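Novice: build me a structure from this.
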Amino acid sequence: SELNANISSKTHKIEQIQQRNVQINTETEQLQVQIEIDEASVKKARARLEEAIEIAAELQQQKQQQERSQHDLVISKEQAKKSLAETSSFYYQQKLLLQSLESRLNSSAHGIERLQQHSQRLQQRKSNLVKQISQDANPLEGKQKELEELLQQRLATEKLRDELRIKTQACQAELELLERQRSDHNASIEHARTKLENARLEQQSNQLRMTSYAEQISDKGFVVADILAEVQQGQNTEYKKNELERLQRSIIRLEPVNLAAISEYEEEKQRKDYLDQQNDDLVEALETLEKAIRKIDKETRTLFKDTFEAINTNIKVLFPKLFGGGHCYLELTSEDLLTTGVSIMARPPGKRISNIQLLSGGEKALTAVSMVFSIFNLNPAPFCMLDEVDAPLDDANVGRFSQMVKEMSDKVQFLFVSHNKVTMEIANQLNGVTMREPGVSRLVSVDLAEAEKLIAD
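Specialist: Numbering: from 1, shown residues only. Predicted structure coming up:
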């Protein structure tokens, strides 16, 4: 039974092994089929891989060719740019040359036209000369007649000149005579004025003395009118004798007098004579001094009046030139020329100014410049120093100021300090201070005429 059981067990195992073997064979066949399928797939994949490698190689080759062609394109592009630049440069050169040729052609055309016009004028002049020669068969005879007429006119003119010279000399002599008479009259007037002044002083002195005597008489208790009446009534010889006797009696009553009074009187008289002489000398010196003062005052009035009128005329001309219009004049503050002041009446264009203090800084500066330049026109100095005169001025006024300085530089040498470029342009030489290094100043001088020559060279 055990054996049967073992046989049955083994048989069963054999059957299981056979079934398993059948399964393995089936699976092997299936695997064989799958392997065949896989091999076919691998062949297809390998073929596709080889195609892909070939395509990749072709693509790589194409890429290399493309890179080479792109490099060639870059080179061609640079060459094209260079060629374009050269072509553009050549074009502009040809264009400039064409413009130059056109300009020369136009200039030549104008020159030809001018030459033709000049030729026509010469031809016309030639025709006129030929016509004049044909009309005047004997030109020397006509010129001779004209010369004789001119000589006669010259003789007549010289005769008239001599007559006018004689009249001028006569007028000059008459003027000198009248001038001497005027001087004599002025001297007479001065002498009469001096006498009148002395009489006035003497009258004042007598008036003071009369007042003093009247006060003394009043202090003594007398009446001035009564004493004057008595004196006027007693103006006779008998009265004087009686008065003399009265005085002698009064002297006798005075007791003995000082006998040394005579010598003292002589000494005092000598001293008085010396003082009188000194006084006469002082009076004479005072008269001489007063005469000199009057002469100086007279000449000063004349000179001041002439100078004032000349400066007033100059400022009337210079002020409108500096301001571009308006008017200005000088005015005296009083009638006495020795003590008078001078006022500047300035009115810029477009303004009504009642006081010069209402002018702006620039207008005051220009007014002062017109006054200074008016004086310089009358009596030019060797040089004039102007310090920042153009600082308060605007561009238009600076231009007019610079033009005026340039015109005045023919008579006066100007030294001016300025930071304005417009003013610097009129200078012949510039001097300045520069500081290239901190704390180190250096003077720099530039001659503009030499600089222009260097630039021209």
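
Novice: my guess is residue 392 is in a helix, correct?
Specialist: No: using DSSP: H, G, I helix; E, B strand; the rest coil, the assignment for residue 392 is coil, not a helix.

Novice: isn't it right up against residue 368?
Specialist: No: taking Cβ atoms under 8 Å as the definition, residue 392 is not a contact partner of residue 368, at 11.0 Å. C-beta: built from backbone N, CA, C; applies to glycine.

Novice: residue 277 and residue 266, how far apart?
Specialist: Distance of residue 277 to residue 266, computed by Cβ to Cβ, to the nearest Å: 16 Å.

Novice: helix, strand or coil for the closest residue to residue 415 other than its chain neighbours?
Specialist: Leaving aside its sequence neighbours, residue 415 sits nearest to residue 385 (Cβ to Cβ, 6 or more residues apart in numbering; 5.0 Å). At residue 385 the chain is in strand, as set by three-state DSSP.

Novice: can I assume residue 385 is in contact with residue 413?
Specialist: No: using Cβ under 8 Å, residue 385 is not in contact with residue 413; the gap is 10.0 Å.

Novice: give me the common contacts of these two.
Specialist: Counting by Cβ atoms under 8 Å, 6 or more residues apart in numbering, residue 385 and residue 413 have no contacts in common.

Novice: residue ranges with poor pLDDT in the stretch 201-350 of the chain?
Specialist: 224, 227-240, 251-259, 261 (pLDDT under 70).

Novice: how about the helices in it?
Specialist: For the stretch 201-350 of the chain, the helices defined by DSSP state H, counting those that start in this stretch occupy 224-233, 237-253, 261-323.

Novice: which residue is nearest the middle of this structure?
Specialist: residue 401 (3.2 Å; Cα atoms, centre = their mean).

Novice: do I have it right that it meets residue 391?
Specialist: No: with contact defined as Cβ under 8 Å, residue 401 does not count as touching residue 391 (11.1 Å).

Novice: between the helices of the stretch 201-350 of the chain, which one is closest to residue 51.
Specialist: Of all those, helix 261-323 sits nearest to residue 51, with 102.2 Å by Cβ to Cβ.

Novice: and that closest one, what does it pack against?
Specialist: Under the contact criterion of 3 or more Cβ pairs under 8 Å, 6 or more residues apart in numbering; DSSP states H and E, helix 261-323 touches strand 327-332, strand 342-347, helix 361-378, helix 395-408.

Novice: what angle separates that helix from strand 327-332?
Specialist: Angle of helix 261-323 versus strand 327-332, following axes from the mean of the first three to the mean of the last three Cα atoms, to 10 degrees, is 170 degrees.

Novice: give me the angle between helix 261-323 and helix 395-408.
Specialist: Going by the same axes, to 10 degrees, helix 261-323 makes 120 degrees with helix 395-408.

Novice: any idea of the pLDDT on the residue nearest to residue 415?
Specialist: At residue 385, the model reports a pLDDT of 88.

Novice: with residue 451 instead?
Specialist: 75.

Novice: element containing it, please.
Specialist: helix 448-456 (DSSP states H and E).

Novice: how about that helix as CSV, C-alpha atoms only?
Specialist: Extracted in CSV, the C-alpha atoms of helix 448-456 (Å, rounded to 0.1, in the frame of the first residue of the first chain):
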residue,chain,number,x,y,z
LEU,A,448,45.7,140.2,-30.8
ALA,A,449,47.3,141.6,-33.9
GLU,A,450,50.2,139.1,-33.7
ALA,A,451,47.6,136.3,-33.0
GLU,A,452,45.7,137.2,-36.1
LYS,A,453,48.9,137.1,-38.1
LEU,A,454,49.7,133.6,-36.7
ILE,A,455,46.2,132.4,-37.6
ALA,A,456,46.4,133.9,-41.1
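
Novice: hmm, who's touching it?
Specialist: So helix 448-456 is contacted by 427, 428, 429, 430 (Cβ under 8 Å, 6+ apart).
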